[in-house]
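A.B. asks: Here's a sequence, model it:
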Amino acid sequence: MRIKNKALVSIMILSFLVLLISPIVFSKPPQLYDKIDEDGSDDGKILPDIDKNYIKCIITGGKIEESLCCEGVQNFPNTCVVGACGCPPEFSEEVKICNCGRGKCWNGNGCVEMNL
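C.D. replies: Numbering: from 1, shown residues only. Now for the predicted structure:
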């Protein structure tokens, strides 16, 4: 009779531990991409210090690169218009750009089809 009681106690302890630990082990971990809107904004909740243009570029299919653009031009200039990156090298400096690939350009909000 004594062996049955020990076995019952062991089963009860094991059941208690499983109930205690299972919500932690089997809960879905938070996903950062679930918190980011389609336009690349997260409303400052997850990534308050990162430039939102990094996210917008990647979400819309671009790659972040560095390129020579005119002095004083900020990171992620509009590549859909001529000008910001059209200066000679001696009047240029490296800035971050969104390379959207062939036939597309960065309009300041995302990669879009070029209008020729």
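A.B. asks: Give me the phi and psi for the residue lying closest to Cys69 once chain neighbours are set aside.
C.D. replies: Of all residues not flanking Cys69 in the chain, Cys85 sits nearest, at 3.9 Å (C-beta to C-beta, 6 or more residues apart in numbering). Placement of C-beta: from N, CA and C, glycine included. Main-chain torsions, Cys85, degrees, to the nearest 10: phi -120, psi 30.
A.B. asks: Next, count neighbours for Cys85.
C.D. replies: Close neighbours of Cys85, defined as other C-beta atoms under 10 Å, add up to 16.
A.B. asks: And for the one 10 residues further on?
C.D. replies: Val95 is surrounded by 20 other residues when neighbours are defined as other C-beta under 10 Å.
A.B. asks: same thing with the one 10 residues further on?
C.D. replies: Look at Cys105: counted by other C-beta under 10 Å, it has 18 neighbours.
A.B. asks: Repeat that for Cys70.
C.D. replies: 16.
A.B. asks: Lys96 versus that one, what's the distance?
C.D. replies: 14 Å (C-beta to C-beta, to the nearest Å).
A.B. asks: before we move on, back to that, what sits against the residue nearest to Cys69?
C.D. replies: Contacts for Cys85 (C-beta atoms under 8 Å, 6 or more residues apart in numbering) come out as Ser67, Leu68, Cys69, Cys70, Val73, Pro77, Thr79, Ser92, Ile97.
A.B. asks: okay if I get those residues as JSON lines plus pLDDT, secondary structure and distance to Ile59?
C.D. replies: Converted to JSON lines, the contacts of Cys85 look like this (pLDDT from 0 to 100; DSSP: H, G, I helix; E, B strand; the rest coil; distance: C-beta to C-beta, whole Å):
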{"residue": "Ser67", "pLDDT": "93", "secondary structure": "strand", "distance to Ile59": "20"}
{"residue": "Leu68", "pLDDT": "94", "secondary structure": "strand", "distance to Ile59": "26"}
{"residue": "Cys69", "pLDDT": "93", "secondary structure": "strand", "distance to Ile59": "23"}
{"residue": "Cys70", "pLDDT": "93", "secondary structure": "strand", "distance to Ile59": "27"}
{"residue": "Val73", "pLDDT": "93", "secondary structure": "coil", "distance to Ile59": "23"}
{"residue": "Pro77", "pLDDT": "94", "secondary structure": "coil", "distance to Ile59": "19"}
{"residue": "Thr79", "pLDDT": "92", "secondary structure": "coil", "distance to Ile59": "17"}
{"residue": "Ser92", "pLDDT": "95", "secondary structure": "strand", "distance to Ile59": "28"}
{"residue": "Ile97", "pLDDT": "94", "secondary structure": "strand", "distance to Ile59": "16"}
